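1. the amino acid sequence is not available; the structure is as follows:
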C-alpha cells in the first residue's frame, strides 16, 4: 500500500454559514441589550443576576460568539463578539456550526436543541435558564409570530404581551439594536 | 415505534443483576484492574447490615477495602463530597463501591469527579459538559429500587445554604458497573418501598412523554413500567418477596436508562424544587406530582399518555378501554395506585403535599411555602424538557392543586 | 414478565441518530481526548460517496483526518489489516471512524486491536482475550449487512474475536450515509437484525434489557424495513433500519448466537447464499414451528412482533398467532424482493443434512439437531 495516496486532510471552514451565525449573534446580542431597556421581564431577569454576570453564547470550537453582561446598575449590555480575555462565568456553546444553523434558522427551538443535546453549558444552570427565558422573549420581539411560534414553546397570549406593546417594543428594539444604544 | 429526527442514547453501564450478584464484585473489579476500593454509604445502610454482605462477598479475594465513608446524609451536600474525596486520597484508594440510595450514589459520583480530575471543591465542575474524561472505576449498588442513579449521567448535589440542587451532567458519570442484588433491597420498609418504586415509574412515564424521547428510551421505559407496576403493591405488602424485589430493581434500572437519556419534565421540576425548598424526599415528591405532570401535558401528549396504560394496567384493561379514554384512564390508574399504596402503608405514602409529614409528624410543606417552591422551580433544568412551558404562575397553579390533592383543572392550563 | 435469577448485560455504544449526526463526531472524539482519526469509508464510484460527505461534515472542528482510506476491501484478512494498521501508525492517528458495513467494519476493529494491543488480531481469536479499552471507535452505518458491526465481535481470516471492548464506542447514524445503501444490502441488514433480535429474545439468557433492545429493534423493522428495501433513499426508513440493526447487535452481543444464525452461516459456506436472506427465512420457520408445537413463544417476543395494539386485542392463546401474522406481514409487504423459500434460491434438498451437521459442529453450545433439521426443511419449503 502506498501511504502517500491517502494523505492527511485538514477539514476546512464553512465561511458563509459562520458569517450568517455571526450576524444573528450580533443582532440578538444588541437586541438583548435593547430589550433590557424596553421590556420589564427582561429587565427583571437581569436585575436578579449576580453583579459581575457575563455570558457568552456561540459555536464550538472556533466561534462566532456573542458576549452579554450585566452592568453595575443591573442593565443588560452587549459586550462584543470576542470572549477572549474576559472573565465569563457562563458559557453556552452550541456543539458545531451545523447545529447552530438549525437553531438560528429556527428549525429547532431552544428547548428542542437542549433536548437534543446540542448545547454545552459551562457554568451555573440557574443562570443559564434565565438566559434561555431572555432569549425566548427576544425572539418574540424580533421575529414575526409565524416563526417565533416555532422557536418558543408557548407564544405569549394577548394578556401577557399585548400586540401594541409587542410592536412598539419590536420597532424600538430593532432601532436600538441596529444603532447600538 | 416513534423515531425522532434526532436523538442520543447512552447507557454504557454493565448491569449485573440477580439474587446473589454481590458475589461478582471481586471478579468485576479485577477486570477493571483495581484492588483497593473505597466504600461510600450511609448510616442506614450500615445499620441494616448491608455493608456486611458486601464485605462478605469481597472476603477471600485479592481486594482490600481502602476506606469506608458512611456519613452520607439523606440529602447529600457538596461539602460531604469534598470531605469524602479527601479521605479517598488519604487512604490511597483506586476505585469506588457506592452502596445506598440516590443520595449515596450521587455523592459517590461527585467524589469520583474530584478524585479523578483533581481539585478540592466539586462546585468547580458544575454544568453540562464540564467533565470530559473517563473517571476512576466505580460500582454502584443501589439499596432502593427507585432513583436509577446507577445508570444516569447526572449527579444531583445540594447546596443547603443556597437551597438549590445542582445537577452535574456527563457521560463519564455513568458507573462502570451497576450491581443489583435482591438482598440489598429486601430490608427496605414498605413506606420507603412505595415512594421509591413510584419514583421509578415516574422516571419511565416522564421519559415517555418528554422532549428527548427516542426508541431506546421508549422501550426501556415500557419494560420498566411493566416490571414495576406488576410488583410494587405486592412487594409493599410482602417485603420479603425476593423475586418481586429483583423485578423492582430491574424496573428501576431500566427506568433510569430511559430518563437519563430522554430527560424529565414538570414532575421532576416541581419535585426537585419541593425537595430543595422543604427537604421532602425525592420519591415522595415524584409519586404525588406524577398525575399532575400527565394532566398538565395532556393537550400536547395525549397519545403517549394513553399508550402508558398498556404497561401500567396490562393488555386486558388496555384493550377494553377505547382509544379516546386511555389518557384519562392512565391518570386514574396512577391515582388509584397511589391510593392503594397509601392504604397498604397505613397512610404513610403521601398522596398530596398537605399530607407530607416528617418523622416528628410535622407538616413539611406548609401552604406559605408554595411560592418559594414555584420560584425555585424556575431555576431547575427539568423545565426545559417538559413539552409545555412552565412559568411561575403555571407552577403555582399546579402546586395549589397538588397541595389539596384535587385533580388539575385542565381549563387553567395555558396551552402553547 | 419476570426477571431471570441472574444476568449480565452491557449496551456499550452511544447512539447518535438523525439530523446532523455526523457533525457531532468531532466533539464526541474530543470527549475521549482524540482528534486524529483514521477513516475507513466504503468506496463508491462516482460522486456522492461517503468520503466527500464525511470530510464536509468535519469542517469547522479541531479534528484533523490522519488518513482517509476508501479503497476496496474485499474481506477481513491479516494482510489488509496490517497494512492499514501501518497507515494508522505512520500518521499518528488516535481513533478510528468506520463508514459502511460488513468486512470494512471487521477490518476497522482488527486495525484497532493491532494498534492498541500491538499484536496481530488473529492471535487474540476467541472470546474475552482482549482485556482493555481500545482506541475510540465510531461506526457510521451504511447498511449493517453482517450484523456484527455494532456488536462485540469482529472476524479475521475467518476467525471470530469476541470482547466487550469490540463494540463501537459511538454509532452515528445519518441519512446522508444510510441512503447510499443498495436495496439488497438493506434487505440483508434488516433480516439479520430481525433474526438476531428474535433469537436473543428466545435465548436462555433473555432478560429485561435484551427484551427492551429487541422490542425497539423489531418494532422499527416492522414499521420501516419494507419501505427501506423498496427505496433506500427514503431518509426516515433507512435511518430506522440502521437503528434497528444497531439495537439488534446489542441484543446479540448479550446472548449466544442461536440456531438460525449457525444454520445460515453453514448454508452460506456451502452455497454462497447471503446469510441475511436465509436467516430471515429460518427465523420465520422457527416461529411457525414453535407455534405449531403449541409451545408458543415468549410473551415478550409476541408483544415486540405484534405491537401493543394487536397484542392486547387478542386473547392470550391467540397472541403467538398474532406475532406470526405480523412477521408474515413484513414478508408480504416485501413481496418479490424477498425470496419465499430456500428451494427458490436453488438450494438442493440433499444439502440440508450437511448444513445441519456443519451448523451443529460450528456452535459452541449444543444445538438440538432434530429441531435444526425441522426448521431448515421448513425454510426450504418456505413454510
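-> That came through fine. This is a predicted model, so every value here is computed, not measured. Numbers count the residues shown, from 1 in each chain, chains lettered A, B, ... in the order given.

2. show me what contacts residue 1?
-> All of this refers to chain A. Residues counted as contacts of residue A:1 (Cβ atoms under 8 Å, 6 or more residues apart in numbering or on different chains) are C:83, C:84, C:86, C:87. (Each C-beta comes from the backbone N, C-alpha and C, glycine too.)

3. oops, wrong one, chain C.
-> Residues counted as contacts of residue C:1 (Cβ under 8 Å, 6+ apart) are B:223, B:226, B:227, B:230, C:208, C:211, C:299, C:300.

4. highest neighbour count among those residues?
-> Counting neighbours by other Cβ atoms under 10 Å in any protein chain shown, residue B:227 comes out on top of those with 31 neighbours.

5. just for the chain, where's the confidence low?
-> Looking at chain A here, since you left the chain open. Applying pLDDT under 70 to chain A flags residues A:158-159, A:180-181.

6. try again with chain B
-> B:127-129.

7. residue 22 - nearest residue in space that isn't next to it in sequence?
-> In the absence of a named chain, chain A is used. Spatial nearest neighbour of residue A:22, excluding adjacent residues (Cβ to Cβ, 6 or more residues apart in numbering or on different chains): residue A:64 at 3.9 Å.

8. look at chain C instead
-> Of all residues not flanking residue C:22 in the chain, residue C:57 sits nearest, at 3.7 Å (Cβ to Cβ, 6+ apart).

9. what does residue C:10 give?
-> residue B:14 (4.4 Å).

10. can you list the strands that the strand or helix carrying the one you found pairs with?
-> For residue B:14, the host element (DSSP states H and E) is strand B:6-18. Sheet pairing of strand B:6-18 (DSSP bridges) gives strand B:177-181 (parallel), strand C:6-18 (antiparallel).

11. list the contacts of the residue in chain B that chain A sits nearest to.
-> Residue nearest to chain A within chain B (Cβ to the nearest Cβ): residue B:416, separated by 2.5 Å. With contact taken as Cβ under 8 Å, 6+ apart, residue B:416 is in contact with A:152, A:153, A:154, A:155, B:388, B:389.

12. how many other residues sit next to the residue nearest to the fourth one when sequence neighbours are not counted?
-> So that's residue A:155. Of all residues not flanking residue A:155 in the chain, residue A:149 sits nearest, at 4.6 Å (Cβ to Cβ, 6+ apart). Neighbours of residue A:149 under the rule other Cβ under 10 Å: 17.

13. that older thread, surely the residue nearest to residue C:10 meets residue B:178?
-> Yes. Contact between residue B:14 and residue B:178 holds when scored by Cβ atoms under 8 Å: they sit 7.3 Å apart.

14. find me the pLDDT at the residue nearest to residue C:151 when sequence neighbours are not counted, would you?
-> Leaving aside its chain neighbours, residue C:151 sits nearest to residue C:249 (3.9 Å; criterion: Cβ to Cβ, 6+ apart). On pLDDT, residue C:249 comes in at 97.

15. neighbours of residue C:249, just the number please.
-> By other Cβ under 10 Å, 32 other residues sit near residue C:249.

16. check the gap between it and residue A:72 for me.
-> 58 Å (Cβ to Cβ, to the nearest Å).

17. what about residue B:14 and residue B:178, which has more around it?
-> Shown here are residue B:14 and residue B:178; by other Cβ under 10 Å, residue B:178 has more neighbours (28 against 19).

18. distance of the more buried one relative to residue B:302?
-> Distance of residue B:178 to residue B:302, given as Cβ to Cβ: 34 Å.

19. show me the strands in chain A, by range?
-> Under the criterion DSSP state E, strands of chain A are mapped to A:54-59, A:65-70, A:76-78, A:90-94, A:119-122.

20. could you dump these into JSON lines with distance to chain B added?
-> Below are the strands of chain A laid out as JSON lines (distance: least, Cβ to the nearest Cβ, whole Å):
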{"stretch": "strand A:54-59", "distance to chain B": "12"}
{"stretch": "strand A:65-70", "distance to chain B": "16"}
{"stretch": "strand A:76-78", "distance to chain B": "19"}
{"stretch": "strand A:90-94", "distance to chain B": "8"}
{"stretch": "strand A:119-122", "distance to chain B": "4"}
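
21. could those strands go into TSV alongside mean neighbour count?
-> Below are the strands of chain A laid out as TSV (neighbours: other Cβ atoms under 10 Å in any protein chain shown):
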stretch	mean neighbour count
strand A:54-59	24
strand A:65-70	23
strand A:76-78	21
strand A:90-94	22
strand A:119-122	21
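
22. now do the same contact list for residue 111.
-> Unless you meant another one, I'm taking chain A. For residue A:111, the contacting residues are A:132, A:153, B:211, B:384, B:385, by Cβ under 8 Å, 6+ apart.

23. you looked at the wrong chain, it should be chain B
-> Applying Cβ under 8 Å, 6+ apart to residue B:111 gives the contacts B:38, B:40, B:81, B:84, B:85, B:88, B:96.

24. sorry, back to before: the residue of chain B closest to chain A belongs to a strand?
-> No. Applying DSSP: H, G, I helix; E, B strand; the rest coil, one finds residue B:416 to be coil, outside a strand.

25. may I ask which of the contacts of residue B:111 has the most neighbours?
-> Neighbour counts for these (other Cβ under 10 Å) peak at residue B:40, which has 32 neighbours.

26. tell me the SS of the residue in the stretch 51-200 of chain B that chain C sits nearest to?
-> Residue nearest to chain C within the stretch 51-200 of chain B (Cβ to the nearest Cβ): residue B:132, separated by 5.7 Å. Assigned with three-state DSSP, residue B:132 falls in the coil class.

27. tell me the contacts of the residue lying closest to it once chain neighbours are set aside?
-> Excluding the flanking residues, the one nearest residue B:132 by Cβ to Cβ, 6+ apart is residue C:31, at 5.7 Å. By Cβ under 8 Å, 6+ apart, the contact list for residue C:31 reads B:132, B:133, B:171, B:172.

28. ok, residue C:264 - contacts?
-> Contact analysis of residue C:264 by Cβ under 8 Å, 6+ apart lists C:195, C:275, C:276, C:278, C:279, C:282.

29. for the chain, which segments are assigned as helices?
-> Looking at chain A here, since you left the chain open. Using DSSP state H, the helices found in chain A span residues A:15-38, A:40-48, A:97-104, A:110-115, A:125-142, A:145-151, A:163-179.

30. sorry, I should have been clearer: chain C.
-> Under DSSP H, chain C gives helices at C:25-31, C:50-57, C:78-90, C:103-117, C:175-178, C:183-202, C:208-230, C:235-253, C:259-271, C:275-292, C:299-313, C:319-334, C:351-362, C:369-381.
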